[in-house]
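**Student:** What shape does this take:
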Amino acid sequence: MKTFKAGNWTQQYEYRSFRPEPINRPLEIRDNDIHYLLNEASRLIGELNAYSRLIPDVDFFIHMHITKEATTSSRIEGTKTEFDEALMDESEISPERKNDWQEVRNYTLAMNSAISELKSLPLSMRLLKNTHSTLLSNVRGERKLPGEVRSSQNWIGGSNPSNALFVPPHHDELPDLLTDLEKFLHNDSLKMSPLIMAALAHYQFETIHPFLDGNGRIGRLLITLILVEKKLLNKPTLYLSDFFARHKGAYYDSLTMIRQNSNINQWIKFFLTGVKETSENSIKTFEKIIVLRSKSEDSILQLGRKSQKAKQMLQYFYSHPIADAKDIITLLDTSHQTAIGLLKDLMELGILREVIGRKRNRLFYFKEYLDIFE
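**Tutor:** Okay, here's the model as predicted:
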C-alpha cells in the first residue's frame with residue numbers, strides 16, 4: 001500500500017491535532033505477507049463458523065464469549081472486574097466494586113443490543129451512538145455525552161492537548177470524517193475483504209475518536225460488528241480485546257506508525273495475526289466445550305428419572321455458570337427441596353461446586369466450564 005497517506009497534523013491555537021485522510025477509497029495490497037495472513041485468518045474463521053453451526057444452542061456459549069470480551073475490553077480501560085464477578089448478579093457484588101461491575105455489565109448490554117440492532121439497522125453512526133449510550137449509562141462516563149458525538153476537543157495521554165500523546169481531529173472536522181467512514185463501510189465497489197475493511201475501519205475510528213469517552217470499547221466492538229454484518233462471521237464469536245491487551249505496546253505502536261509515516265502494512269499484519277490467533281483460541285474453546293458437554297451429559301444419565309430436569313438445569317449453567325437455588329426454582333418451576341436435591345446430585349457427579357463460606361444465598365458454579373473461558 002505504497003500510496004496510502006494517513007493524514008496531516010493541523011495547528012490549532014496551542015496544540016496540533018491529527019486529521020486522517022478520508023478512508024473511502026480503493027487500496028491495492030502488494031505485500032505477500034498480508035495476502036498469506038489474510039488467507040490464514042479467513043480459513044480459520046471458516047473453521048470457527050463450522051463449530052458455531054455444529055454446537056446445538058450455540059447462543060448459550062456466545063453469551064460467555066460476550067461476557068469474557070466485556071471483562072477484557074473494560075479491563076484495558078482500567079476496570080478491575082474479574083470474569084467470575086461479571087457473571088454474578090449485582091446483589092452478589094461488594095459495594096466498592098459495583099461501579100466496575102456496572103461498567104462491564106453495560107458493555108455486555110451494549111454488545112448484545114448492537115448485534116441485535118444489526119438485524120434491522122445498517123452498521124452506522126446511528127447504531128454506534130445507540131451502543132455508546134448504553135455503554136455509558138449510569139457509570140463514570142455518564143456526564144460525557146452518552147450517545148452523542150463530541151462537540152469539543154479530546155486527547156489521549158497528558159493533562160491537556162498541548163502535552164498529550166495524541167490529539168484526534170478537531171470536533172468541527174468530525175461530520176465529514178464520520179460520513180466518509182460510513183460510506184466506506186458500505187462501499188461494495190471497493191471489493192475489499194471484510195477483514196481488511198475491519199482493520200482499516202478500526203484504525204480510522206480510533207484516530208477520529210468521535211466520543212468523549214468509550215472510544216476504545218466501541219472501536220473494538222466495531223470489528224466484530226463489521227464481520228457479522230458482512231457475513232464473514234455467522235455468529236459473534238470473535239473478539240480481539242484479549243489479543244490487544246496481551247500485546248498492548250505493539251497495538252499502540254502499530255497505530256502510531258500509521259499516523260507518523262503512513263505505514264498501514266504493519267498495522268494490517270498485526271491485526272490479521274490477532275484474528276488468526278484469536279480464531280485458533282476460539283476453535284479450541286469450542287472443542288473443549290463439545291468434550292465437556294458430552295462428558296457431563298453422560299454423567300447425568302446416572303440420575304435416571306431425574307436426568308431430564310438435571311439436563312435442563314445444566315443447559316442453564318452454560319449461559320449462567322454461577323447460580324443459586326432461586327434461579328433453579330424459577331427455571332424448573334419446582335420446589336426448593338427439589339432444586340437443592342438436583343444441585344447436590346450434580347455436585348456429587350463432580351459437575352457443579354458450591355462457593356464456600358456462604359451461609360445464605362448459596363451459590364453453585366460450573367467449574368470446568370468456567371475454566372475453559374478463564
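**Student:** in the stretch 151-300 of the chain, which spans are helices?
**Tutor:** For the stretch 151-300 of the chain, the helices defined by DSSP state H, counting those that start in this stretch cover 174-185, 194-208, 215-229, 241-246, 248-261, 264-300.
**Student:** Dump the ones you listed to CSV, plus mean pLDDT.
**Tutor:** Formatted as CSV, the helices of the stretch 151-300 of the chain follow (pLDDT from 0 to 100):
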stretch, mean pLDDT
helix 174-185, 98
helix 194-208, 98
helix 215-229, 96
helix 241-246, 94
helix 248-261, 95
helix 264-300, 95
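**Student:** between the ones you listed, which gets nearest to Arg150?
**Tutor:** Across these, Arg150 has its closest neighbour in helix 174-185 (7.2 Å, Cβ to Cβ). C-beta: built from backbone N, CA, C; applies to glycine.
**Student:** Buried residues of the closest one, list them for me.
**Tutor:** For helix 174-185, the neighbour count (16 or more other Cβ atoms under 10 Å) marks 174, 177-178, 180-182, 184-185 as buried.
**Student:** one step back: possible to save the helices of the stretch 151-300 of the chain as TSV with distance to Arg143?
**Tutor:** What follows is the helices of the stretch 151-300 of the chain, written out as TSV (distance: least, Cβ to Cβ, whole Å):
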stretch	distance to Arg143
helix 174-185	20
helix 194-208	21
helix 215-229	16
helix 241-246	25
helix 248-261	27
helix 264-300	33
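**Student:** so which of those helices gets nearest Pro146?
**Tutor:** With Cβ to Cβ, the closest approach to Pro146 among those belongs to helix 215-229: 11.3 Å.
**Student:** what packs against that closest one?
**Tutor:** Packing partners of helix 215-229 (3 or more Cβ pairs under 8 Å, 6 or more residues apart in numbering; DSSP states H and E): helix 58-76, helix 98-117, helix 125-135, helix 194-208.
**Student:** For Gln308, find the nearest of these.
**Tutor:** Judged by Cβ to Cβ, the one of those that comes nearest to Gln308 is helix 58-76, at 17.7 Å.
**Student:** from the chain's centre, how far out does that closest one sit?
**Tutor:** Offset of helix 58-76 from its chain centre (Cα atoms, centre = their mean, to the nearest Å): 6 Å.
**Student:** name the helices or strands packed onto that helix?
**Tutor:** Against helix 58-76 (3+ Cβ pairs under 8 Å, 6+ apart) you get helix 83-86, helix 98-117, helix 215-229, helix 241-246, helix 264-300, helix 307-319, helix 367-373.
**Student:** most tightly surrounded among the ones you listed?
**Tutor:** Most buried of the helices and strands packed on helix 58-76, by mean neighbour count (mean count of other Cβ atoms under 10 Å): helix 215-229, with a mean of 23.
**Student:** and the angle for it with helix 194-208?
**Tutor:** Helix 215-229 runs at 160 degrees relative to helix 194-208, counting by axes from the mean of the first three to the mean of the last three Cα atoms, to 10 degrees.
**Student:** hmm, who's touching helix 215-229?
**Tutor:** Helix 215-229 is contacted by residues 45, 73-74, 76-77, 107, 110-111, 114-115, 118, 122-123, 127-128, 131-132, 135, 185, 194-195, 197-198, 201-202, 205-206, 209, 211, 233, 235-236, 238-241, 244 when judged by Cβ atoms under 8 Å, 6 or more residues apart in numbering.
**Student:** Narrow those to just the buried residues.
**Tutor:** 45, 73-74, 76, 107, 110-111, 114-115, 123, 127-128, 131-132, 135, 185, 194-195, 197-198, 201-202, 205-206, 209, 211, 233, 235-236, 238-241, 244.
**Student:** that older thread, will you turn the helices and strands packed on helix 215-229 into CSV that also has distance to Leu37?
**Tutor:** Converted to CSV, the helices and strands packed on helix 215-229 look like this (distance: least, Cβ to Cβ, whole Å):
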stretch, distance to Leu37
helix 58-76, 22
helix 98-117, 26
helix 125-135, 27
helix 194-208, 9
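**Student:** State the pLDDT value of the residue positioned nearest the centre of the chain.
**Tutor:** The centre of the chain sits closest to Glu69, judged by Cα atoms, centre = their mean, with a distance of 4.1 Å. Glu69 is assigned a predicted lDDT (pLDDT) of 91.
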